[in-house]
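Trainee: Predicted model and sequence follow; I will ask about them next.
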Amino acid sequence: GQQVMQIPQYQHVQEGEDFTTYCNSSTTLSNIQWYKQRPGGHPVFLIQLVKSGEVKKQKRLTFQFGEAKKNSSLHITATQTTDVGTYFCAGPPDDKIIFGKGTRLHILP
Amino acid sequence: DGGITQSPKYLFRKEGQNVTLSCEQNLNHDAMYWYRQDPGQGLRLIYYSQIVNDFQKGDIAEGYSVSREKKESFPLTVTSAQKNPTAFYLCATQRKGAYQETQYFGPGTRLLVL
């Protein structure tokens, strides 16, 4: 079946360093979504990418959708303590979203 | 989020006991989902429902049951057949549209077996 793989599983960065998480799908996706889950909280929608090669920015976060629509990335510039959490990518098959296992970001002060 | 409530926030279950987790939404979304999350892990789909009176098994449905008698409600029962039920349970809703819509999550219920 369709799979959505995320790497790395964990990432520790010093505050102020950049961070990137990658998402790869075994099949072409019509669109891809990114969610953030703070420690102890629930996933919250960040953004959706639809077009091949699309790039979207939210302040220090940059999201990219690959040309083949099989991979995506989330890049955070100059991380802050508020960025701590787990970032999930999610891709849609026919009637249910498949979530990657997430990348847990830990910020070292 | 604001339109999805899950109760209780924490739930303790004794061995051999069935428990039911509540999920209610006022977003008028057609689809509802139940996920299980274990510490440090991703989201695994238990059951989902696209319409009232219909639901489908997800990837880990064994030991769980659901009902969808009303659009607003999608309760999940964790039965005694589920041998390792301790986890964080998340309910989500989704509006169906031309593109896959985003999912909105409730605050979750943490289940602990005593």
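Mentor: Perfect, I can see it now.
Trainee: which ones are touching the closest residue to B:Gln17 other than its chain neighbours?
Mentor: Spatial nearest neighbour of B:Gln17, excluding adjacent residues (C-beta to C-beta, 6 or more residues apart in numbering or on different chains): B:Ser80 at 6.5 Å. Using the backbone N, CA and C atoms, a C-beta is placed for each residue, glycine as well. Contacts for B:Ser80 (C-beta atoms under 8 Å, 6 or more residues apart in numbering or on different chains) come out as B:Glu15, B:Gly16, B:Gln17, B:Asn18.
Trainee: do the same with A:Lys70
Mentor: Counted by C-beta under 8 Å, 6+ apart, A:Lys70 has contacts A:Asn24, A:Ser25, A:Ser26, A:Thr27, A:Thr28, A:Leu29.
Trainee: Run a quick neighbour tally on the closest residue to B:Leu45 other than its chain neighbours.
Mentor: In space, B:Leu45 comes closest to B:Gly58 once its chain neighbours are excluded; the distance is 3.2 Å by C-beta to C-beta, 6+ apart. Here the count is done by other C-beta atoms under 10 Å in any protein chain shown, and B:Gly58 has 18 residues near it.
Trainee: I figured B:Gly58 hits A:Ile98, correct?
Mentor: No: here B:Gly58 does not reach A:Ile98: they are 10.4 Å apart, not a contact under C-beta atoms under 8 Å.
Trainee: What segments of chain A are strands?
Mentor: A:4-7, A:10-14, A:19-25, A:32-37, A:44-49, A:55-58, A:61-65, A:71-76, A:85-91, A:98-99, A:103-108 (DSSP state E).
Trainee: Select from those strands the stretch with the lowest mean pLDDT.
Mentor: Among these, strand A:98-99 has the lowest mean pLDDT, at a mean of 88.
Trainee: quick one: B:Ala92 and B:Gln25, what's the gap?
Mentor: Remark: distance between B:Ala92 and B:Gln25 (C-beta to C-beta, to the nearest Å) = 9 Å.
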